[in-house]
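Chemist: Sequence and predicted model, in that order:
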Amino acid sequence: MALNRKSKVSAEFSMASLTDIIFLLLIFFMLSSSLVAPNALNLKLPGRSKSPMTKTDQLPDVRVNAAGTYAFNGRNVSPEQIDKELRTISRRSNTSFTISPEKKAPVEKVVFVMDLAMRYNLNAVLLPEE
């Protein structure tokens, strides 16, 4: 008695579910990458410039000490006063200032000043103390 097998193993593979997963991953990464960009700081890297160089000793200076307190041009000020001073600088033609953090200064305090510079469209020159 000879038994014939009528069911053959199909070698076909459906790509529909795989393409659905790929498109879902693509959409996820596109949405998540667009959410990361607004939180980034706009840093200006050094390069060539045709404008004349400004001496940093003539620019307003914001110091951040190791205790996390601020000093603007040598006098101790609060974060609200730093905000007010940088707002007045942004109204002038000279839109640059220096940030001078001490070596052990809290990073959050320095980033706060950098965020104010970005908010008021100011050029901040970071001069860390050694």
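Modeler: Thanks, I have it.
Chemist: which residues of this structure score low on pLDDT?
Modeler: 1-6, 34-57, 94, 130 (pLDDT under 70).
Chemist: ok, residues contacting the helix or strand encompassing D115?
Modeler: Using DSSP states H and E, D115 sits within helix 107-119. The contact list for helix 107-119 (CB atoms under 8 Å, 6 or more residues apart in numbering) reads 41-42, 62, 64, 68, 70, 79, 82-83, 86, 97, 99, 101, 122-124, 126. The C-beta positions use only the backbone N, C-alpha and C, and glycine is treated the same way.
Chemist: swap in stretch 123-130?
Modeler: The contact list for stretch 123-130 (CB under 8 Å, 6+ apart) reads 44, 56, 59, 95-103, 110, 113-114, 117.
Chemist: Could you pick out which of these are located in helices?
Modeler: Judged by DSSP state H, the subset of the contacts of stretch 123-130 located in helices is 110, 113-114, 117.
Chemist: Make JSON lines out of those and add neighbour count.
Modeler: Shown next, in JSON lines, are these (neighbours: other CB atoms under 10 Å):
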{"residue": "V110", "neighbour count": "20"}
{"residue": "V113", "neighbour count": "24"}
{"residue": "M114", "neighbour count": "17"}
{"residue": "A117", "neighbour count": "24"}
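Chemist: What is the nearest of those to M30?
Modeler: M114 (28.2 Å; CB to CB).
Chemist: any idea how far P79 is from that closest one?
Modeler: 13 Å (CB to CB, to the nearest Å).
Chemist: now swap in F23 and tell me
Modeler: 46 Å.
Chemist: Just after whichever helix in the chain runs longest, pick out the following helix or strand.
Modeler: Across the chain, the longest stretch assigned as helix under DSSP H is helix 16-36. Per DSSP H and E, the first helix or strand lying C-terminal to helix 16-36 is strand 61-64.
Chemist: what residues does that following strand touch?
Modeler: Outside strand 61-64, the residues touching it (CB under 8 Å, 6+ apart) are 70-74, 82, 86, 97-102, 105-106, 109-110, 113.
Chemist: Could you identify the buried members of those residues?
Modeler: 70, 72, 82, 86, 97-102, 105, 109-110, 113 (16 or more other CB atoms under 10 Å).
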